[in-house]
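Chemist: 3D, please:
(2 chains)
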Number of protein chains: 2
Amino acid sequence: MNKILNPARADWPEILKRPTQTVADIEQTVNQIFDEIRIKGNAAVAKYTELFDGTKLEDLKVSQTEVTEAEKQISAELKSAIKLAKANIEKFHAAQKTSKLSVETTNGVSCWQEKKAIQKVGLYIPGGTAPLFSSILMLAIPARLAGCEEIVLCTPPDKQGRINPAILYAAELCGVTQIFKIGGIQAIGAMTFGTEDVPQVYKIFGPGNQFVTVAKQLATKYQVAIDMPAGPSELLVYADDSANAAYVASDLLSQAEHGIDSQVIMVSTSEKLIDAVSDEIENQLQELPRKAIADKAIENSRLILVNSEEEALKLINEYGPEHFIICSENEDYFVQGVINAGSVFIGNYTPESAGDYASGTNHTLPTNGYAKQYSGVNLDSFMKTITFQKISEEGIREIGPAIELLAEAEGLQAHKNAVSLRLNDLR
Amino acid sequence: MNKILNPARADWPEILKRPTQTVADIEQTVNQIFDEIRIKGNAAVAKYTELFDGTKLEDLKVSQTEVTEAEKQISAELKSAIKLAKANIEKFHAAQKTSKLSVETTNGVSCWQEKKAIQKVGLYIPGGTAPLFSSILMLAIPARLAGCEEIVLCTPPDKQGRINPAILYAAELCGVTQIFKIGGIQAIGAMTFGTEDVPQVYKIFGPGNQFVTVAKQLATKYQVAIDMPAGPSELLVYADDSANAAYVASDLLSQAEHGIDSQVIMVSTSEKLIDAVSDEIENQLQELPRKAIADKAIENSRLILVNSEEEALKLINEYGPEHFIICSENEDYFVQGVINAGSVFIGNYTPESAGDYASGTNHTLPTNGYAKQYSGVNLDSFMKTITFQKISEEGIREIGPAIELLAEAEGLQAHKNAVSLRLNDLR
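Modeler: Presented below is the predicted three-dimensional model:
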């Protein structure tokens, strides 16, 4: 793992650089598949499912029988674990509900704000090297709590045309309304344009590889919103001598096993700890089934020694990590000072995996520095705010003359007239 | 104005169609200008300012002297009107502040959520046919309240290289930190990539023509967020016989004067009212200085007679209007039933211009049906949410075994290890 000792401020951009992806050639593929889905609907989706997933499906939609069968295949222990996670996620996201906010800004001028659920949402869950059913909990639970009417799930089938039973079980448990065996670009296209079977949704959520990421980005041209732009997963740990080197190493590795483009960074004021963590990583790495992946990710990653906690905090906010672990005697300094991060994990007994699965916070988080301007998924991600205003005769008398002046100054006479007509009648 | 009487459900999509824009050819122009700005910075911005705005600037940045001069040119009355609007907007947006939200999801597992301001934001204000200084109030006031550190404003200069004094006055009053004489695509490019003078920002807000709209959309490829995708402004009025035809006509016209691609729709259960409003529009239209624009917009617009209030509400939610005026004896039915709308105006004394300027609500709203999934600009638009978690020894004992099971089921051994290591030490 790369050790970087006391880097100069000017070198930060280079040190904090993320592994980059090229999207230009993917764009063309996405545009072509989107065009076909728009014209041919189901047939195009089935064609690309055969091409990319290697299976010819009679029915894109998962049947109730398949869901019932899946439930039988899940062990009682796993079901309990999923239910424990669900309970915590529900508790944290239900607490995010807000009530109507009402203000009388001027006598007779009432303004209020109410949140309404987005009626139709689409969730995407990748297949690939690991069946990420936990992402269903993270997306379907807040969608359900928000009150979304249609919660559509797309996930790729395996070569036998099946979906992992844990995915089906979690989807059923969390209130997904329809499940489709569709993956990748064709899934995003189907939910963006709608087909004979797949409903057109208003907003698409969920993780995915670079094909899915580019497809989601391009989908925003066609009246659909997305949760956030995505990049490879990442973790930054700040740790000092109060940290446990083995724990820190295990957290860095849990991030590294996600994918070869994952990035893990440790920042510390202690060179001793950096050395200890580096050794621990080497040891623990040998035991991992996903060693090959983690090994690659570790190549992109860094252990950075800094001169002070102040410098560490500046560097962390400059990077804006998706996941940020704080193991420091002086944890309050970092908790209060962090501005740019997706989710923060505090203390020796708060591994990132806790937030990935079961603490209750959401694991759909801004990567690639997007923590500077995006929130992770939360209850509000499934809602939108409408403002209301109701003005009485008294109210329009109070603010009407100002509106007339402002509209006139902007050269918008009809805006002024709308007020003048009313004020004249009230005279 | 087009009258449509009792349309069939199947015809709604056609009737509710919005005027469309073609963006393909604009994309190429945007990409070229972006590329130049990335490489040549200020020089490229100045070149396009000369080309598009017809003025050669020595300095892109507005000086303090220019701001001070501008203040002298604004009448005392206009200043008071701007201050009245500011006070109401501040009151409504300050009320949107939320405090830290904290939940113990399981014994020993504390999760919380905090909002932090986006550090650097960019505001765009168009020049063109009307100096829309009111948009500065709508964007800079919540940016300031949120606590954004840098609030950068770009707005195009006139042929003499000057900015309208009302824009400069409003910007100074509302806490904009830097003002640049840059318009159109080059403004969005400058704030996206940064130049020698213009800071790179994390999120760009504000209205604009189709060039600005496409530039904002493409900017999202380069690590910048935008407030929302934009389209032409629009208004839908639901009115019954309790409404005043002259008021309704004046509201429809105030929307129509925005631009030739604005869309105004009236829905009613009363054919009598539809005829009266139609006549009023003809009359009032003659007096408008922006008659030519409003005339064109009215061509795209519709008066729709429906059979019932139920049908009206369904049609309105299907359309998802940016602005929605309710003038009905049965207003509660619509207030409670509206799901998709940007901002709602209730009753005979609540013209849309009130919300455009001074009621306190924001006028930066989702157009083009985006009310189905986007909120209008509000305080949260200038912030992002960070989640935190802190787990005690007791807490990890409680949820650790479930995390081990879940991680194992997803095939993520390193995620499991991070918990197992800790649980073993606690045994």
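
Chemist: how is chain A carved up into domains?
Modeler: According to automatic domain parsing, chain A is divided into the following domains: A:2-20+A:231-360, A:24-103+A:117-226, A:392-426.

Chemist: got the contact list for the lowest-mean-pLDDT helix or strand in chain A?
Modeler: The weakest-scoring helix or strand in chain A, judged by mean pLDDT, DSSP states H and E, is helix A:12-15 (a mean of 84). Applying C-beta atoms under 8 Å, 6 or more residues apart in numbering or on different chains, the set of residues contacting helix A:12-15 from outside is A:Ile4, A:Pro7, A:Arg302, A:Ile304, A:Leu315, A:Glu318. C-beta: built from backbone N, CA, C; applies to glycine.

Chemist: show me what counts as buried in stretch A:38-49.
Modeler: By neighbour count on 16 or more other C-beta atoms under 10 Å in any protein chain shown, the buried set for stretch A:38-49 is A:Gly41, A:Asn42, A:Ala44, A:Val45, A:Ala46, A:Lys47, A:Tyr48, A:Thr49.

Chemist: now swap in stretch A:105-124 and tell me
Modeler: A:105-106, A:108-124.

Chemist: phi first, then psi, for the most centrally placed residue in chain A.
Modeler: Taking C-alpha atoms, centre = their mean, the centroid of chain A lies closest to A:Thr364, which sits 3.1 Å from it. For A:Thr364, the backbone dihedrals (degrees, to the nearest 10) come out as phi -90, psi 100.

Chemist: so who does it touch?
Modeler: Counting by C-beta under 8 Å, 6+ apart, A:Thr364 makes contact with A:Ser135, A:Met138, A:Leu139, A:Phe205, A:Gly206, A:Pro207, A:Asp227, A:Met228, A:Gly376, A:Val377.

Chemist: so which of the residues you listed reach chain B?
Modeler: Among the contacts of A:Thr364, proximity to chain B is found for A:Gly376 (C-beta under 8 Å from any C-beta of the partner chain).

Chemist: show me the shaky parts of the stretch 1-150 of chain A.
Modeler: Across the stretch 1-150 of chain A, residues meeting the criterion (pLDDT under 70) sit at A:20-23, A:128-130.

Chemist: interface residues of it facing chain B?
Modeler: Taking C-beta under 8 Å from any C-beta as the contact definition, the stretch 1-150 of chain A meets chain B at A:23, A:77-78, A:80-82, A:84-85, A:87-88, A:91-92, A:95-96, A:98, A:101, A:103, A:105-106, A:109, A:111, A:113, A:116-119, A:129-134.

Chemist: strands - which of those residues land there?
Modeler: Among these, the members found in strands (DSSP state E) are A:Leu101, A:Val103, A:Thr105, A:Thr106, A:Val109, A:Cys111, A:Gln113, A:Lys116, A:Ala117.

Chemist: how about the strands in the stretch 101-250 of chain A?
Modeler: Per DSSP state E, counting those that start in this stretch, the stretch 101-250 of chain A carries strands over the ranges A:101-106, A:109-117, A:120-124, A:150-154, A:178-180, A:203-205, A:225-226, A:234-239.

Chemist: how about CSV for those, with distance to B:Ile182 added?
Modeler: Output for those, formatted as CSV (distance: least, C-beta to C-beta, whole Å):
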stretch, distance to B:Ile182
strand A:101-106, 33
strand A:109-117, 33
strand A:120-124, 38
strand A:150-154, 42
strand A:178-180, 46
strand A:203-205, 33
strand A:225-226, 28
strand A:234-239, 34
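
Chemist: of the ones you listed, which is nearest B:Gln286?
Modeler: strand A:109-117 (31.5 Å; C-beta to C-beta).

Chemist: what pairs with the closest one, parallel or antiparallel?
Modeler: strand A:101-106 (antiparallel), strand A:383-391 (antiparallel) (DSSP bridges).

Chemist: and the following helix or strand past the last one, how far out from the chain middle?
Modeler: Tracing the chain C-terminally past strand A:383-391 and defining elements by DSSP states H and E, one meets helix A:393-409 next. Per C-alpha atoms, centre = their mean, to the nearest Å, the displacement of helix A:393-409 from the mean C-alpha position of its chain is 43 Å.

Chemist: got the buried residues for helix A:393-409?
Modeler: A:395-407, A:409.

Chemist: near chain B, list only the ones from the residues you listed.
Modeler: Within the set of the buried residues of helix A:393-409, contact with chain B (C-beta under 8 Å from any C-beta) is found for A:Gly395, A:Ile396, A:Ile399, A:Pro401, A:Ala402, A:Ile403, A:Leu405, A:Leu406, A:Ala407, A:Ala409.

Chemist: about what we covered before: now the buried members of the residues of the stretch 1-150 of chain A next to chain B.
Modeler: Among those, those that count as buried by neighbour count (16+ other C-beta under 10 Å) are A:78, A:81-82, A:84-85, A:88, A:91-92, A:95-96, A:101, A:103, A:105-106, A:109, A:111, A:113, A:116-119, A:130-134.

Chemist: and the residue nearest to A:Thr367 when sequence neighbours are not counted, how many neighbours does it have?
Modeler: Once flanking residues are discounted, A:Thr367 sits nearest to A:Gly231: 4.1 Å by C-beta to C-beta, 6 or more residues apart in numbering or on different chains. Neighbours of A:Gly231 under the rule other C-beta atoms under 10 Å in any protein chain shown: 21.

Chemist: now do the same contact list for A:Gly231.
Modeler: Going by C-beta under 8 Å, 6+ apart, the list of residues near A:Gly231 reads A:Arg18, A:Gln21, A:Thr213, A:Thr367, A:Asn368, A:Tyr370.

Chemist: how near is A:Asn417 to B:Leu78?
Modeler: 18 Å (C-beta to C-beta, to the nearest Å).

Chemist: looking at chain A, which helix is longest?
Modeler: Counting residues, the longest helix in chain A under DSSP state H turns out to be helix A:76-94.

Chemist: same question for stretch A:340-359, mean pLDDT?
Modeler: The average of the pLDDT scores along stretch A:340-359 is 98.

Chemist: could you dump it to CSV, C-alpha only?
Modeler: The C-alpha trace of stretch A:340-359 is given here as CSV (Å, rounded to 0.1, in the frame of the first residue of the first chain):
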residue,chain,number,x,y,z
ASN,A,340,-17.9,16.9,3.0
ALA,A,341,-18.7,13.2,3.6
GLY,A,342,-21.5,10.8,2.9
SER,A,343,-21.7,8.8,6.1
VAL,A,344,-19.4,9.0,9.2
PHE,A,345,-18.5,6.2,11.5
ILE,A,346,-17.2,7.1,14.9
GLY,A,347,-15.0,5.0,17.3
ASN,A,348,-13.4,1.6,17.4
TYR,A,349,-16.7,-0.3,17.5
THR,A,350,-18.3,1.3,14.5
PRO,A,351,-17.0,-0.5,11.4
GLU,A,352,-18.2,0.6,8.0
SER,A,353,-20.0,-2.7,7.6
ALA,A,354,-22.4,-1.7,10.4
GLY,A,355,-23.7,1.2,8.2
ASP,A,356,-23.6,-1.0,5.1
TYR,A,357,-26.1,-3.4,6.7
ALA,A,358,-27.7,-2.7,9.9
SER,A,359,-27.1,0.4,12.0
